[in-house]
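>>> Have a look; sequence and predicted model below, questions after that.
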Amino acid sequence: MRQTQRNISLIALGICGALGAASEVRAAGFEHPDNGTISLGRGGAYAAGVDEPSALYYNPAALTRLKRHKLTLNLNLTDQKMVFDRQDYTFDEGGRDNKPRTWTFDPVENEARLFPAPMYFEGSNLGMENFGFAVGLYGPSSHGARKFPDAIGSEGPTNASPTAVSKAGQQYMIIDQSVLLVYPSVAAAYRIDPAKLSLGLTLQAPMLSVDYNLAADGDGSQGASQGGTPYVCGDPANPPGVACFQSEEKWDLIAPNRLKTFGYNFTFIAGALWEPTQNLSLGASVRPEFKLHTKGEVDVEFPDGLSGIGLYMTDQAATLDTVMPTVVRLAAEYKQMDADALPGDRPAWSVEGDYVWEGWSAMDAFRVKLAGSISDVKCVDAAGASVAADVKSLSVTCPEGSTAQQLIGTRKLPNLNLYRNFEDAWSARLGFEKRIAKSATSETRLRTGGFYEKGATPKEWTNLDFISLNRIGLTVGGSYILPWGSIDAAYAYMYSPTWTVTNGKYEALLPLEICAVPPTDVNSADYFVNGTTTPVSEACLGRSVSVSHPVNNGTYDIGIQVLSLGTTLTF
C-alpha cells in the first residue's frame, strides 16, 4: 500500500511539472518519424515493441508491460533546411500601356532552423497486476517555427526599368510563424491474461497556440468608393481597349497581417496489443479526427501607400478553425529471447515493421473568421489637406478648421479560407534492435531503422507554412542500460527530392480588391477568398479569372535532421 501511494505521488508530481513546462513544448505542421529517442533509432517502428511510458502515444495497450515505475524524458532537436526560389512573375501593368513588367526573386531560407521539442512520459502499474497507467506531455514530431525575410518594400518594375528584384518572394505565403501544439495526456491499460491481449486508452486535451504572419496585397482600395475598374486583366470577356485591374505586388502596398489565436479540445488514442507467443507481438492504435477552434485577434499593418486614407479595423477579433487527422498505426514485432529470459526481460534482438496512415484529406483549408470591418476616416482642412488627428469615427471632433471625411467607407472583412487541400499520408517503417554487450550490471543496445513516407501536400497547393513532401529516412541509435535506468541517443536523416511547382494555385490575398458590389454585403466579398476564381455577383461582370495570381510557383528544397537525447529512469 505504501509503495502504491508513493507511485501515485510521483505521477502527481510529474503532472504538475509537465504542465509547468507546457509553454516550452512547441511543434506544428506535419509529423515525421517520430517522437522519442528509442523510437527514432528504430525508424519510428515502435507501436508493437514499446516497453516504457511513451506507450501512451504509440500504443497505450503496451502500458501493461510496466512492472516498475518509469520516467522517460526525451529531447528531439530538429534541424530543418527550407529554401524557396520563387518563379518570376510577369504582368502587363494593368492594361494601361500593355508593356510587360517582371518581378524576379532572390532565394529565401527559413532562419529558424533548429527546433527543440522536449517530451515527458511517466508510468507505473501502481502495484496492480495486469494494469498499467501513465501521464505525459508532448507535441507532434515536427518543426513548428518559421522565420523568413520581413515584408520588404522594393521599388517595383517601371517603364524605365521593367525588371525589379524582391528579396522576400515568400511574403504572400508566410513571413514568420510560431505554432505550439501540446498534448497533456493520461492513460490506462489492462491485460486479459487468458487471451494474451492488452487494451489501452489515452485521454488527451490538445492545446493549440498560433502566431502567424503573412503579407496581403493592399491594392484596390483607391477606387473602392467609386467602383474602380471591375475588369480583370487576362479575362477574355474584357471589352477591347478598356483598362483592367490585377495584383502587381506594388512595393508600397504590402500589408503584413499577424494572427494570434489559442484554443483546445479533447480526443483520445485507443490501442490493442496481442502477444500470442513469447516471440511475437502485434499492435494497433488509432486516434480519431478532431477539430481545433481557436480564438484571438488579427493585427493589420496598413501599407505606406494607403497612409493618407486613414484606414483602421473596427474590430480585431478573429477565429481560426483547423482539423487534425485520424491516425492509425499497425505494427508487428518479432523478438529473439534468451533461453533463460524472464517476463519483462529485453530480447537479444528484435525487428519490427509499422504502417502508419494519417487522414489529412479531412483538412481542406484553414478557416479564418474576422469580426471587424475596414473603414477610413481622416480630418481634412478647407483645401482638402489632411490634418493630423487620431480619428476612428465620422462623429469625432476634428481640429478647428477641419472636418471628418471618408473615402472608401466601411467594408466588411470576408471570411478567409486559406486552402491547402491536403491528401492522406502514409509511411512504412522498419526497425531493428540488438544487444551487443551485457554484464551483471549493465547492457548496451544498438538500433537502426528506415522508412518511406508519402507526403500530404498536393504540388499545386504547396505552401511554406505547413509542408509535407515525400521522403525517405535512415536512423541509428543506442542505449547504455544500468540498474537505475538508461541513457539513450538517436540520429535521423530525412531526404526529400527537390519539389518544383509550376501550376500553383495559392494566390496572394487582396482584402481590399475593388469590385462594384455592395460593400455591406458580406457574401459579396467571397470572390477574393484565396483559391476562388468563380464570380458570385453580377456586379463583378461575370469575371472568369482571379484578380490575384499564384505566389507559390518555384522550387522547394527541404531537408531534415533530428538528434534525440533521452533517459528512462527506473524506480
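Everything's here; your move.

>>> Show me the shaky parts of the stretch 51-200 of the chain.
Filtered on pLDDT under 70, the stretch 51-200 of the chain yields the residue ranges 93-98, 152-154.

>>> all helices of it, in order?
In the stretch 51-200 of the chain, the segments counted as helices under DSSP state H, counting those that start in this stretch are 55-58.

>>> same deal with the chain?
Counting by DSSP state H, the segments of the chain that form helices are 2-20, 37-41, 55-58.

>>> Which of those comes out lowest on mean pLDDT?
Among the helices of the chain, helix 2-20 carries the lowest mean pLDDT, at a mean of 40.

>>> Give me the pLDDT value at residue 391.
We have a pLDDT of 60 for residue 391.

>>> ditto for residue 475
pLDDT, residue 475: 98.

>>> same check, this time on residue 242
66.

>>> isn't residue 431 right next to residue 448, touching?
Yes - contact criterion Cβ atoms under 8 Å: residue 431 and residue 448 qualify, at 7.5 Å. For the C-beta atoms, the positions are set from N, CA and C on the backbone; glycine is no exception.

>>> Looking at those two, which has the bigger crowd around it?
Shown here are residue 431 and residue 448; by other Cβ atoms under 10 Å, residue 431 has more neighbours (30 against 18).

>>> what's the closest non-adjacent residue to the more buried one?
residue 42 (2.9 Å; Cβ to Cβ, 6 or more residues apart in numbering).

>>> The one you found contacts residue 432, correct?
Yes - taking Cβ under 8 Å as the definition, residue 42 is a contact partner of residue 432 at 7.2 Å.

>>> quick one: which of these two has more around it?
residue 42 (32 against 17).

>>> Tell me the pLDDT of the more buried one.
97.

>>> correct me, but residue 133 touches residue 200?
No - Residue 133 is beyond contact range of residue 200, at 9.9 Å (criterion: Cβ under 8 Å).

>>> what is in contact with the two at once?
63, 187-189 (Cβ atoms under 8 Å, 6 or more residues apart in numbering).

>>> Distance check, residue 568 against residue 91.
Note on residue 568: its distance to residue 91, by Cβ to Cβ, to the nearest Å, is 59 Å.

>>> And the two? Which one has more around it.
The neighbour count for residue 568 versus residue 91, taken as other Cβ under 10 Å, is higher for residue 568 (24 against 18).

>>> rewinding a little: and for residue 42 and residue 432, which residues touch both?
352, 447-449.

>>> Residue 166 and residue 414: what is the separation?
26 Å.

>>> give me every residue that touches the residue nearest to residue 431.
Residues counted as contacts of residue 42 (Cβ under 8 Å, 6+ apart) are 49, 352, 429, 431-433, 447-449, 475, 477.

>>> between those residues, which is closest to residue 67?
residue 49 (16.1 Å; Cβ to Cβ).

>>> State the distance from the residue nearest to residue 571 when sequence neighbours are not counted to residue 468.
Nearest in space to residue 571, with sequence neighbours left out and distances taken as Cβ to Cβ, 6+ apart, is residue 69 at 4.0 Å. Relative to residue 468, residue 69 is positioned 37 Å away (Cβ to Cβ).

>>> So for the two, which sits in the more crowded spot?
Neighbours were counted for residue 69 and for residue 468 using other Cβ under 10 Å; residue 468 has more, 24 against 20.

>>> Wait, that one touches residue 455, no?
Yes - contact status for residue 468 versus residue 455: in contact at 4.2 Å, counting by Cβ under 8 Å.

>>> May I have stretch 362-375 exported as CSV, CA atoms only?
This file holds the C-alpha atoms of stretch 362-375, laid out as CSV (Å, rounded to 0.1, in the frame of the first residue of the first chain):
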residue,chain,number,x,y,z
ALA,A,362,-10.1,16.0,-43.9
MET,A,363,-8.2,19.2,-43.8
ASP,A,364,-9.0,21.3,-46.9
ALA,A,365,-8.4,24.8,-45.6
PHE,A,366,-7.5,26.9,-42.6
ARG,A,367,-10.7,28.8,-42.0
VAL,A,368,-10.3,32.3,-40.6
LYS,A,369,-13.3,34.4,-39.5
LEU,A,370,-12.8,38.1,-39.0
ALA,A,371,-15.3,40.0,-36.9
GLY,A,372,-14.5,43.5,-38.0
SER,A,373,-14.6,45.8,-41.0
ILE,A,374,-12.1,48.0,-42.7
SER,A,375,-13.1,51.7,-42.5
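
>>> List the contacts of that stretch.
Residues outside stretch 362-375 that contact it (Cβ under 8 Å, 6+ apart) are 259, 289, 298, 311-326, 406, 408-422, 511-512, 531.

>>> filter these to the buried ones?
For the contacts of stretch 362-375, a neighbour count by 16 or more other Cβ atoms under 10 Å gives the buried set as 259, 298, 311-313, 318-320, 322-326, 408, 411-422, 511-512, 531.

>>> In strands only, show me these.
Using DSSP state E, 259, 298, 311-313, 318-320, 322-324, 411-412, 416-419 are the members of the buried ones among the contacts of stretch 362-375 that sit in strands.

>>> ok so, going back, let me know the closest of the shared contacts of residue 133 and residue 200 to residue 502.
Of all those, residue 502 sits closest to residue 187, with 46.7 Å by Cβ to Cβ.

>>> The closest one pairs with what?
In this entry, residue 187 is beta-bridged to residue 134, residue 202, by DSSP bridges.

>>> For it, give me its contacts.
Contact analysis of residue 187 by Cβ under 8 Å, 6+ apart lists 55-56, 60, 63, 123, 132-136, 200-203, 269.

>>> Buried members of those into PyMOL, please.
The following PyMOL line selects those of the contacts of residue 187 that are buried, judged by 16+ other Cβ under 10 Å:
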select buried, resi 55+56+60+63+123+132+133+134+135+136+200+201+202+269
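
>>> Going by distance to residue 162, which of the contacts of residue 187 wins?
Nearest to residue 162 among these, with distances taken as Cβ to Cβ, is residue 269, at 57.4 Å.

>>> Many thanks, have a good one.
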